[in-house]
Structure formats: C-alpha cells, structure tokens
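Asks: Okay, structure incoming, though there's no sequence with it:
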C-alpha cells in the first residue's frame, strides 16, 4: 500500500507464535527496501518487549518502537510496543490503547490488547482517504 510519500507499507501481523515467522520474513528484506514495515504481534503485556532487538538481529533493517506522531519512513521496521496499538494518521504513527481482552499470561488470566486488527483498520482508513 503506497503512502502519501509514495512508497509502500508492508504489514506483518500474528500471534505470539508468529515471532519466528516474522524473523524469517524480515531476514529476506533488502537493506535498501523502499517500503515501511509494520510488525504487530500479539505479545504479552507482562513481557519485557524485546521484539525490535529480535527483528533487528534477524535481518538488515533496523526495527524499533515508533516515536509518537513520527512520520513513517521507508527502510524501517516499526514494531507495536507491548500493551499498545500503533495506528497511522496522515502518514504519522500514533500509539493508542483500546479495550483489553482476557488472555492467559504466566498461568493466570491477564487482559491484553491484540494490536493487529487496529493497525490494519487505521491503514485501511488512511488508504481510503487518499484514494477518494
């Protein structure tokens, strides 16, 4: 999906088990990728948040949590922080919260926020606004 800057956005979503698949996927991305990558994995809010480091070490592109209202740039893997959603608003990344759902965490039930549907919906809204 091209953004207002003219380069595509790639969205990778999955559950906690999707980390290995995301590592394999980003390992094949070229250093000079002319696209922004968003990785939204349903992780535990109890975790320490190592996904950017894991993905950076798996491939050639830097992976990191986005800064609030950061302009989306190509060649970067943006990772949804634990217990947060990332959305796109006019080409900028914003972090949000949404209602939690009960999910197991360390053998107890802890509410968490699954981020994948949120980023997909915000990208769809942004894309629709650009094509009208």
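Replies: Good, I have the coordinates. What you are looking at is a predicted structure, and each value in this text was computed from that prediction instead of being measured.
Asks: Surely residue 18 forms part of a helix?
Replies: Yes - when the secondary structure is assigned by DSSP: H, G, I helix; E, B strand; the rest coil, residue 18 falls within a helix.
Asks: OK, contacts around the nearest residue in space to it that is not next to it in sequence?
Replies: For residue 18, the nearest residue in space outside its immediate sequence neighbours is residue 41; the separation is 5.3 Å by CB to CB, 6 or more residues apart in numbering. For every residue, glycine as well, the C-beta is placed using N, CA and C. Counting by CB atoms under 8 Å, 6 or more residues apart in numbering, residue 41 makes contact with 13-16, 18-19, 22, 51, 79-80, 115-116.
Asks: And residue 63, by the same measure?
Replies: Each residue near residue 63 by CB under 8 Å, 6+ apart is listed here: 26, 39, 51-56, 76-79.
Asks: same thing but 10 Å
Replies: Shown here is residue 63, whose contacts under the criterion CB atoms under 10 Å, 6 or more residues apart in numbering are 22, 26, 37, 39, 51-57, 76-79.
Asks: Tally up the residues packed near the closest residue to residue 28 other than its chain neighbours, please.
Replies: Across the structure, with CB to CB, 6+ apart as the measure, the residue nearest residue 28 apart from its sequence neighbours is residue 59 (7.5 Å). Residue crowding around residue 59 was assessed by other CB atoms under 10 Å; the count is 21.
Asks: Then residue 52?
Replies: Here the neighbour count serves as a burial measure; for residue 52 (other CB under 10 Å) it reads 17.
Asks: Quick check: the nearest residue to residue 77 once chain neighbours are set aside vs residue 6, distance?
Replies: The spatially closest residue to residue 77, leaving aside those adjacent along the chain, is residue 63, at 3.7 Å (CB to CB, 6+ apart). As for residue 63, its distance to residue 6 is 23 Å (criterion: CB to CB, to the nearest Å).
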